[in-house]
Each structure stands twice: as structure tokens, then as C-alpha cells.
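Colleague: coords below, sequence missing:
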């Protein structure tokens, strides 16, 4: 882990409009954001070397996990941009998979982070290492946690459940394993309390009980599955190398609809506000009706869905622009130059747009109808930085988000959420 001195020093590396001075220029010019009806909600500055750069980030519950090219990981609170802790996980030659929060009764379970060489479990608020181990197989995917076990795929064509908290076992041991037909590189998904969905590179999708691998159903796609599936209460969304995006019935695995794309799909879909967003190389970003499978619109330059709000969907393009488009028609409403931005994070929870700069800057932009973060809120957030989200939310929630009574669809009680609550590992 990074030295305790460095971790402590990270806690102040965030600037909020009207709260703290700016040590670096904004990742996006404030005037450009304002012209599009947005503003810089917070900007963090991560202390990385000139030879390092921000590679990718994942939004998991209340936390934003940022990974660098050199194998470091920074954990920020998504609401305030304050850094909770940081750690050096792996070398540049090892992959770091998507972090996942282990399910617990309190909802404050630890975070599990899988690399191609080792598995780590940390207290997700304090950054304390709970345990680490080298699995007895080559890890192929991220892991999810359930009932004291970690569930993860491997490069050897199997899927494993490993018990990690048995009182009489010093090392994790295998609870069960199944032949998956091929390497498992897509992230598994836990849903409906005890159900598990995973897919392999031979094109097979499995739904089973997480505790004992009792099979629910099997679906065989026309090509390998390398992208992360997405599950909500209306179905499972699976993107495949056979150029197809499938929506499957959760109870039976039958096809509800299938959309064909011009190129193989190597990235998984994002689902929110009753819409599926799918990126395809040489085709851009498509918005697809989640019920019918009909394409609503397509952005040829679109790269990443960033957020949905009353003013439209915000997407990041391959020529480094932010575009705000009409949610239903895709008509362009605003364009923002974002030449210093290298990647955007998909957020299905609210209107917040999270952007990365190669030099360590992380920006959160929000609608100008959202009040600025006040100094008192930042002070309270710092005091509760290492507490579970329920306590943290009481300190910083206040008036920092849009009202739940705002409506973009009369059938939705909250316009920023999917009609079907998405569930991720």
C-alpha cells in the first residue's frame, strides 16, 4: 500500500468551486460548461508522476475508483471528490479488473479488487487491507462477493466460488467450480439476492444459484462473450463478438430481442432511463429502447454514455467532445470542447458527469440547477470520510442533488433512474 503519509496527504487534494483555491486549471473551461447549462461541481488532483496517467475509472455505489497506467488505484467519494485512500496494486504489465463491493447485511461491505496476479479485499472506507491471496488459477475476470465467498471467472475455462472467511481455514478454499466452456473474462453479476449470471468466451451465458451453482438456465449466443453483461429486473443484456446485443428473460434465458451491429461488440451495454446504450467500433454509440430493442438514435462519434438528466443525455465522443443530446431523438443540444479529457465514466444514478484527464485531474460536472457544494458540507464529508454511506449521506446529501419530483417521464418517480433498477456486482 502507499505510505500512510501519502494517503493522508491525498485527503485534501480536491477543489470545489467557491471552497478552495485551484492548484491546477480546470479540466474543462468553466465558461464552456456554463454555456451548456452545467458547472464544475468539484475537481480532484491525484498525485501521479509525469510518466503515469489515468487509465480508467469505475463508479460503484458511492465510490469512484480511478486506476492509473502504472497499476495504482485511488478511491474517491463520488459526491465530493475527496480521496479516501490510495494503493499500489500491480505493475504496468498486470491488469486490474473492475472493483466490486461485497454484499453484506449492512450494505457497507468491503471492496474486492482482482488483478491478473492477485486478489485483494479492502475496507472500502478506510483502505485497510483485510486479506490478499493468489488464486489457484489464472484470474480472468473481476470478482463479486456473496455469503462469505468470492465468485470469479478464470482463463482455464472454469468459473469458481472461493470461501474466504471460514474460521478454521487460513487460506481461501474452493466451494464449487463449473466448466464454462471457455475462458471467462466478462464480469459476473449477482442479482435477485442469490442469483448469479456469468458468460464465457465460447458464447455461453449461465444463470445459477450463487450458493450451490444450481442451474437456472443456459443460453448460447452466436459468438464469444467478452463484454460485461448488465442485469436489471426486466432482463439480462449481453453483448457478443457475433455483433449482437441480446436481451434475455431472467427466468428462462429466452431471447426477448436481439440487435445486430456492424462490428463485434467488445464492450458491454449501459442501461438507464429505459434506454440501452451500446458502443460499437466504427458505428459509434447507439441508444436502444429497452423494451422493444428498436434503435432510438445513434451518435457516429459517440464513445461513452456519461449521464442522463432532464436536459438530455451527456456523451463523450471519440474526438474528445462532450455532447448533450435529446434523450429520445438524439438531436444535438450542446457541444463542449474537452480536449484535455481522456475518458468519461458511465453514471446511471444521477446527472453527474465524471471525466478523467491524463495528468491526474478528475472532474465532476453537474447541471447548473444543482446548488454548489458548501464549505460546511466539505468539512462534514471529511469528518465522515471513512464511515459507511448511510452516515455519509446524512452529512452531504442536503440540497446537492436534483429534486426527486423532477420528471422527464410521467411513468417514472425519479427521472434519473431506470424504470428497472439496475443491479451490478
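Modeller: Sure, I can see it. These figures come from a predicted structure and were not determined experimentally. Numbers count the residues shown, from 1 in each chain.
Colleague: which residues in the stretch 101-250 of the chain form strands?
Modeller: Using DSSP state E, counting those that start in this stretch, the strands found in the stretch 101-250 of the chain span residues 111-114, 119-122, 129-133, 139-146, 149-154, 158-163, 173-179, 189-191, 195-199, 204-209, 215-220, 230-232, 235-239, 244-248.
Colleague: now swap in the stretch 301-425 of the chain and tell me
Modeller: Along the stretch 301-425 of the chain, counting by DSSP E, counting those that start in this stretch, strands occupy 302-309, 312-317, 321-325, 332-337, 341-345, 353-357, 361-367, 422-423.
Colleague: tabulate the strands of the stretch 101-250 of the chain (JSON lines), appending mean neighbour count.
Modeller: Heads up, the C-betas are built off the backbone N, CA and C, glycines and all. Output for those, formatted as JSON lines (neighbours: other Cβ atoms under 10 Å):
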{"stretch": "strand 111-114", "mean neighbour count": "25"}
{"stretch": "strand 119-122", "mean neighbour count": "23"}
{"stretch": "strand 129-133", "mean neighbour count": "14"}
{"stretch": "strand 139-146", "mean neighbour count": "25"}
{"stretch": "strand 149-154", "mean neighbour count": "25"}
{"stretch": "strand 158-163", "mean neighbour count": "21"}
{"stretch": "strand 173-179", "mean neighbour count": "15"}
{"stretch": "strand 189-191", "mean neighbour count": "21"}
{"stretch": "strand 195-199", "mean neighbour count": "26"}
{"stretch": "strand 204-209", "mean neighbour count": "20"}
{"stretch": "strand 215-220", "mean neighbour count": "14"}
{"stretch": "strand 230-232", "mean neighbour count": "23"}
{"stretch": "strand 235-239", "mean neighbour count": "26"}
{"stretch": "strand 244-248", "mean neighbour count": "23"}
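Colleague: same list, these, but as JSON lines with mean pLDDT and distance to residue 280 please.
Modeller: Shown next, in JSON lines, are the strands of the stretch 101-250 of the chain (pLDDT from 0 to 100; distance: least, Cβ to Cβ, whole Å):
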{"stretch": "strand 111-114", "mean pLDDT": "96", "distance to residue 280": "27"}
{"stretch": "strand 119-122", "mean pLDDT": "96", "distance to residue 280": "32"}
{"stretch": "strand 129-133", "mean pLDDT": "94", "distance to residue 280": "37"}
{"stretch": "strand 139-146", "mean pLDDT": "94", "distance to residue 280": "22"}
{"stretch": "strand 149-154", "mean pLDDT": "96", "distance to residue 280": "24"}
{"stretch": "strand 158-163", "mean pLDDT": "96", "distance to residue 280": "27"}
{"stretch": "strand 173-179", "mean pLDDT": "94", "distance to residue 280": "30"}
{"stretch": "strand 189-191", "mean pLDDT": "96", "distance to residue 280": "21"}
{"stretch": "strand 195-199", "mean pLDDT": "97", "distance to residue 280": "18"}
{"stretch": "strand 204-209", "mean pLDDT": "97", "distance to residue 280": "20"}
{"stretch": "strand 215-220", "mean pLDDT": "97", "distance to residue 280": "21"}
{"stretch": "strand 230-232", "mean pLDDT": "96", "distance to residue 280": "15"}
{"stretch": "strand 235-239", "mean pLDDT": "98", "distance to residue 280": "9"}
{"stretch": "strand 244-248", "mean pLDDT": "98", "distance to residue 280": "9"}
